[in-house]
Each structure stands twice: as structure tokens, then as C-alpha cells.
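Asker: give me coordinates for this.
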Amino acid sequence: MGDASLHKTASPDWSDSSSGSSVDQPIHAPKPVRPQLPSRKSSGTMIVPRDSTEVGPVDLHAGPDDVRAMSPRRTSEDIQTLGKEAREELQRHAKALQDSLLTLFNRIEAVKEEHDKLDSHNKFLQKYIGDLMSTSKLTSSGRSKK
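Answerer: I've put the predicted structure just below:
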């Protein structure tokens, strides 16, 4: 028992689970402090009087070497060619859609015909089974009377 008490006092850095946390050691690191933002001057109001010369579109005068002046320009021939290609592509697409619609319509018609055929066969078989059942009841009731 004396050895156990010596062992506890020999290591002051450690604490057992029953005594809680040590008072000498901080639990959390210090909280960092955010630096203050420098003060800014107000940018002023953005409202401009209606009759001011500062309002309106800005004329752009770009030189020949300016990137804004180097954008591709299309001639009327280029526009007509692009329009013709777009119309042809739309016509091909419309034709493909019409063909697929016609194929679907034909398939629906074939399925309808098959359905009607199977329906008529089904009705025939139901009538035949009904007739067989009624004749078997008649024959069984006739035998039991004998």
C-alpha cells in the first residue's frame, strides 16, 4: 500500500482517471484572435442624375490590333450557307422522326390485329367450354336419375 502511494506521487504529470484532469495543464489551446480590418472610406453613391453625360452607351473605338476587333465576322454568303445546312439537317431529322413514327404505327396495327384474332379465339374457346360444361351437367343429371 505504501508503494502504491509512492507511485502516484512520483509522477505528478500523470493523473489517474478517478481524480479528473490536472489543474496545472490547460485543457484547450488559447483562442486565436482575428486581426482588425482596416477602415475603408465610403465609395459614395452610385446614383447619377438622368441628364448626366456619364450615363449611356460607351462608344468603343478598337484599333485593328485590338482583340475585340479580331472577332470572326460572317459574310452574308456564310450566313446563307449555315442556314442551308441547318435546314437540311432539320429536314433529315424530321424525315427520321416521320419514319420512326410510321414504323411505330405499323407495329401498333399489327399488334391490334393479333389482339383481335386472339380475342375471337378466346371467345370461341369460352363458348366451347361453356357448352361442354352444360352438356356434362345434363348427362350427369340424366345418369343419376336412372
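Asker: what's the burial count for Gln80?
Answerer: 11 (other CB atoms under 10 Å). All C-beta spots, glycine's among them, are computed from the backbone N, C-alpha and C.
Asker: give me the phi and psi for it.
Answerer: The phi/psi pair for Gln80 (degrees, to the nearest 10) reads phi -60, psi -40.
Asker: measure it to Gln36 for me?
Answerer: Relative to Gln36, Gln80 is positioned 65 Å away (criterion: CB to CB, to the nearest Å).
Asker: just Ser52 next, same as before
Answerer: Applying CB to CB, the value for Ser52 to Gln36 is 38 Å.
Asker: and what of Ile47?
Answerer: In this structure, Ile47 lies at 31 Å from Gln36, with CB to CB as the measure.
Asker: repeat for Ile129
Answerer: According to CB to CB, Ile129 stands 96 Å off from Gln36.
Asker: so between those two, which is more surrounded?
Answerer: When Ile129 is set against Gln36 and neighbours are counted by other CB under 10 Å, the residue ahead is Ile129, at 10 against 6.
Asker: below-threshold pLDDT in this structure: ranges please.
Answerer: Low-confidence segments of the chain, defined by pLDDT under 70: 1-27, 43-46, 55-72, 142-146.
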